[in-house]
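Student: model the following, please.
(one chain, ligands or ions: 1)
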Amino acid sequence: MSTPIPQPPGVPFLGNIFDVNPNNTWSSLKTLAEKYGEIFQIKVLGQTIVFVAGAALAEEICDEKRFRKYVGGPIVEIRYAVHDALFTAFDNEESWGIAHRIIAPHLTTQSVAGLFDEMCDTASELIEKWKGLGNNNAVLAIDELNRLNLETTTLTFYGKKLNCLTGPDHPMLKGMEDSTSEAMKRPTRPKLLNSLIYGRKFKSATNIMRTYAAELVQYRKDNPTDRHDLLWSLMNAKDPETGKALTDSQVIDEIVSMPIGSSTAPCLIATAIHFLLKNPEIVTRAREELDTVIGDGPFTYDHLSQLNYIAGIVRESLRLSFAAPGFNIEPIPKPGDKSPVLLAGGKYQVAHNQAMIIVLAGVNRDPAVFDEPLVFRPERMMGEAFERLPAGVKKWFGNGKRECIGKNWAWQFSNIVLAKLIKEVDFEAANPNYELGQDGWFNLRPVDFHVRVQPRAV
Ligand code: HEM
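Tutor: Numbers count the residues shown, from 1 in each chain. Got it, this is the predicted structure:
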């Protein structure tokens with residue numbers, strides 16, 4: 001006998017429409033996870049969605065023999081902008097494998113190591129900019145780090161300096177914000193409203209992003225180089241398995257997808273700064289490590305593997321920021337078999353084609369795994385303590401074949417940037433009473449988190 005999956009009471013006809021705020025979906029899901037625990041469901045516009053918020057169940061539905069990525073809802077909507085690119089491709093689309101095999105070699109640990117200097121130099125540029133702001137400045141952490149991320153992504157993948165750390169916001173930032181917010185909201189609105197009222201905004205955001213990509217392609221054509229970077233492969237490489245290359249439109253799709261994916265990294269770093277401000281003793285210990293390992297000399301790639309405490313800070317920030325707030329799973333279809341799918345050895349059952357969303361705010365803070373789950377404690381993310389943790393609580397980069405293709409880039413970038421910021425900058429919260437609030441679309445960022453930035457005093 002299975003246990004019914006808990007569901008908030010809802011209202012007649014409209015179901016649970018008021019349990020999820022379309023302007024802050026992930027915060028609503030976090031609240032529901034806190035109330036209902038490892039699994040819950042909602043019904044909206046006649047559709048049932050199951051949410052998994054416990055570590056053991058998350059691990060179970062990450063079993064690729066039984067489950068796969070569900071491409072639905074906002075992911076299908078953003079196909080308007082990027083079609084069958086890596087993040088948005090359906091399981092059966094050949095284009096996924098072709099693009100994956102062309103792109104993945106640029107994102108191995110070894111390939112990304114070659115980007116160390118460009119990542120470091122760009123972070124230094126931001127710190128130099130902050131040094132020029134003088135006393136009593138206050139910057140919006142996420143805005144500054146979004147700029148840094150776009151600048152670094154564009155330079156390391158596409159070989160072009162945008163120079164977007166200063167001056168007005170680069171249009172790509174607004175393009176990404178508008179397209180992802182619209183993709184999240186569209187599934188909750190009637191279709192007619194989407195096309196009549198909101199279609200123009202979606203189209204304009206898409207145009208902005210595709211123009212960013214088209215200009216990079218044109219720049220490369222106008223400025224030939226020996227640099228065999230990701231852009232070179234997107235434009236020239238052939239898939240070793242099928243011999244196929246990307247079409248011109250697919251090149252644009254993938255160029256646009258990368259900054260959208262990588263925009264999760266600044267959310268992580270901004271939230272990490274918040275946790276560090278709340279825990280000054282962690283900054284002291286991190287500085288001891290940085291001063292011992294790097295000292296006064298230049299920061300080099302070899303230092304990274306020695307910065308164990310910084311790595312612990314990055315992982316603990318991945319755990320508690322849920323910067324990528326979740327991902328979608330569905331049972332692998334079995335032709336002719338519509339029997340329900342059993343979870344937790346039959347404790348729960350879901351329909352054979354049930355879409356499920358893993359809510360990392362629940363999974364990453366599962367009290368069955370972590371003691372004092374809300375406490376920021378880098379030590380639990382280091383060495384053997386980290387190795388002992390169950391696989392279900394290490395899913396911040398997603399799962400299996402559809403795991404984040406940028407995870408090595410994101411890991412190196414976040415470690416470099418946090419190491420440099422902790423070593424070289426003194427942060428102070430502009431509002432000493434600030435409490436973390438988060439919002440976002442495809443990722444979660446701290447809301448209204450302003451900081452004062454000064455060169456490190458001691
Ligand atoms: C802290 C930073 C990041 C986090 C936490 C993160 C998280 C994730 C997660 C959870 C997924 C799985 C999504 C799903 O199953 O639907 C994913 C996929 C993806 N990410 Fe990231 N990501 C980060 C940075 C990046 C970066 C830097 C890039 C750019 C290279 C990137 C590009 C992608 C792409 C293209 C996919 C789709 C992969 C596929 O389906 O083949 N991400 N990411």
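Student: how far away is residue 78 from residue 150?
Tutor: Note on residue 78: its distance to residue 150, by Cβ to Cβ, to the nearest Å, is 18 Å. All C-beta atoms are positioned from the backbone trio N, CA, C, and that covers glycine.
Student: nope, residue 349 is what I meant
Tutor: Taking Cβ to Cβ, one finds residue 349 at 45 Å from residue 150.
Student: one step back: more crowded one of residue 78 and residue 150?
Tutor: Neighbours were tallied for residue 78 and for residue 150 using other Cβ atoms under 10 Å; the higher tally belongs to residue 78 (26 against 23).
Student: and the next helix or strand past the biggest helix by length in the chain?
Tutor: Assignment by DSSP state H gives helix 199-222 as the longest helix of the chain. Sequence order places helix 230-236 as the next helix or strand after helix 199-222, per DSSP states H and E.
Student: which residues of the stretch 201-350 of the chain score low on pLDDT?
Tutor: Along the stretch 201-350 of the chain, no part satisfies pLDDT under 70.
Student: residues from the stretch 51-200 of the chain in reach of the ligand?
Tutor: Counting by Cβ under 6 Å from any ligand atom, the residues of the stretch 51-200 of the chain close to the ligand are 69, 86-87, 100.
Student: need these in a markdown table with neighbour count, secondary structure and distance to residue 311, can you?
Tutor: Formatted as a markdown table, these follow (neighbours: other Cβ atoms under 10 Å; DSSP: H, G, I helix; E, B strand; the rest coil; distance: Cβ to Cβ, whole Å):
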| residue | neighbour count | secondary structure | distance to residue 311 |
| --- | --- | --- | --- |
| 69 | 22 | strand | 28 |
| 86 | 21 | coil | 26 |
| 87 | 23 | coil | 26 |
| 100 | 15 | helix | 27 |
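Student: what's the burial count for residue 277?
Tutor: When neighbours are counted by other Cβ under 10 Å, residue 277 comes out with 17.
Student: no wait, residue 216
Tutor: Count around residue 216 with other Cβ under 10 Å applied: 22.
Student: so what's the nearest residue to residue 341 once chain neighbours are set aside up against?
Tutor: Computed as Cβ to Cβ, 6 or more residues apart in numbering, the closest residue to residue 341 that is not its neighbour in sequence is residue 331, at 4.7 Å. If a contact means Cβ atoms under 8 Å, 6 or more residues apart in numbering, then residue 331 has 66-67, 341, 350, 352-354 as its contacts.
Student: compare those residues and tell me which is most surrounded.
Tutor: In terms of neighbours by other Cβ under 10 Å, the contacts of residue 331 top out with residue 350 at 22 neighbours.
Student: look up how far the ligand lies from that one.
Tutor: Taking Cβ to the nearest ligand atom, to the nearest Å as the measure, residue 350 falls 18 Å from the ligand.
Student: isn't that residue right next to residue 50, touching?
Tutor: Yes. Counting by Cβ atoms under 8 Å, residue 350 does reach residue 50; the two are 5.6 Å apart.
Student: what is in contact with those two at once?
Tutor: 5, 356.
Student: element containing the closest residue to residue 310 other than its chain neighbours, please.
Tutor: Spatial nearest neighbour of residue 310, excluding adjacent residues (Cβ to Cβ, 6+ apart): residue 419 at 5.0 Å. Per DSSP H and E, residue 419 falls inside helix 407-424.
Student: what's that helix packed up against?
Tutor: Using 3 or more Cβ pairs under 8 Å, 6 or more residues apart in numbering; DSSP states H and E, the elements in contact with helix 407-424 are helix 109-113, helix 116-131, helix 141-158, helix 248-262, helix 264-278, helix 280-293, helix 301-304, helix 308-321.
Student: tell me what angle that helix forms with helix 141-158.
Tutor: 130 degrees (axes from the mean of the first three to the mean of the last three Cα atoms, to 10 degrees).
Student: buried stuff in helix 407-424?
Tutor: Within helix 407-424, the residues scored as buried using 16 or more other Cβ atoms under 10 Å are 407-424.
Student: count of neighbours near the closest residue to residue 122 other than its chain neighbours?
Tutor: Excluding the flanking residues, the one nearest residue 122 by Cβ to Cβ, 6+ apart is residue 152, at 4.6 Å. By other Cβ under 10 Å, the residues close to residue 152 number 29.
Student: thanks a lot, see you next time.
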